[in-house]
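K.L.:
predicted coordinates and the sequence they were generated for:
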Amino acid sequence: MGVRAHDRQLEANAAERAALAEVLDLQAIDRLVAQLSLRRLSSGLIEVKGRLESDVVQTCIVTLEPVPAKVTESFRLNFGDVQPEPDLTEIDIDFEDSDPPEPILDGQIDLGALVAEQLSLGLDPYPRKAGASVPQEFGPNDAEIAAENERAGTRKPFLGLDKLKK
């Protein structure tokens with residue numbers, strides 16, 4: 001007998017999109033739709049697979065003009081009961097291990113918060129309007145670049161550290 005998945009579709013209404021746009025420092029979120037599939041794994045964890053699509057308006061980092069963007073993200077996360085905090089005095093980090101499951105709080109998974117988090121991860125951190133560039137007078141000139149390169153060649157950041165050894 002296979003494990004049955006529960007499918008859900010979330011679509012943010014205008015008030016939810018406006019509130020989320022404010023939290024994410026966006027000019028607007030015109031559309032936010034997510035398709036989610038939840039299923040219980042044999043380990044007892046709950047797997048949430050999803051795909052979101054959103055139309056957002058960000059602010060250009062150069063001109064401060066609106067930058068429309070489409071965000072499409074696919075994700076898969078596992079949720080489980082909250083584990084006790086590990087003893088941090090002795091911890092081994094294995095980068096090959098999978099991430100621990102996200103916590104289930106009060107017996108519920110907040111799917112709206114999950115979609116909002118995934119949207120925030122999919123946003124361009126430095127949105128730039130097509131053709132926008134920093135004006136020449138605000139950028140470094142050749143003399144400043146040459147002076148910085150010369151200083152970098154003569155800088156000795158670790159000079160004197162050998163005197164600290166006992």
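P.N.:
It's in. Residues are numbered from 1 along each chain as shown.

K.L.:
please make it C-alpha for all contacts and neighbour counts, starting now.
P.N.:
Fine.

K.L.:
so what's the gap between stretch 158-166 and the chain middle?
P.N.:
Here stretch 158-166 shows a centroid-to-chain-centroid distance of 40 Å under the convention Cα atoms, centre = their mean, to the nearest Å.

K.L.:
could you give me the average pLDDT of that stretch?
P.N.:
Averaged over stretch 158-166, pLDDT sits at 72.

K.L.:
work out which residue lies at the spatial centre of this protein.
P.N.:
Most central in the chain under Cα atoms, centre = their mean is Leu121, positioned 2.6 Å from the mean C-alpha point.

K.L.:
give me the element that residue is part of.
P.N.:
helix 111-122 (DSSP states H and E).

K.L.:
low-confidence ranges in this structure?
P.N.:
Along the chain, segments meeting pLDDT under 70 span 1-3, 82-98, 134-140, 155, 157, 166.

K.L.:
distance of Glu117 relative to Leu161?
P.N.:
Glu117 sits at a distance of 44 Å from Leu161 (criterion: Cα to Cα, to the nearest Å).
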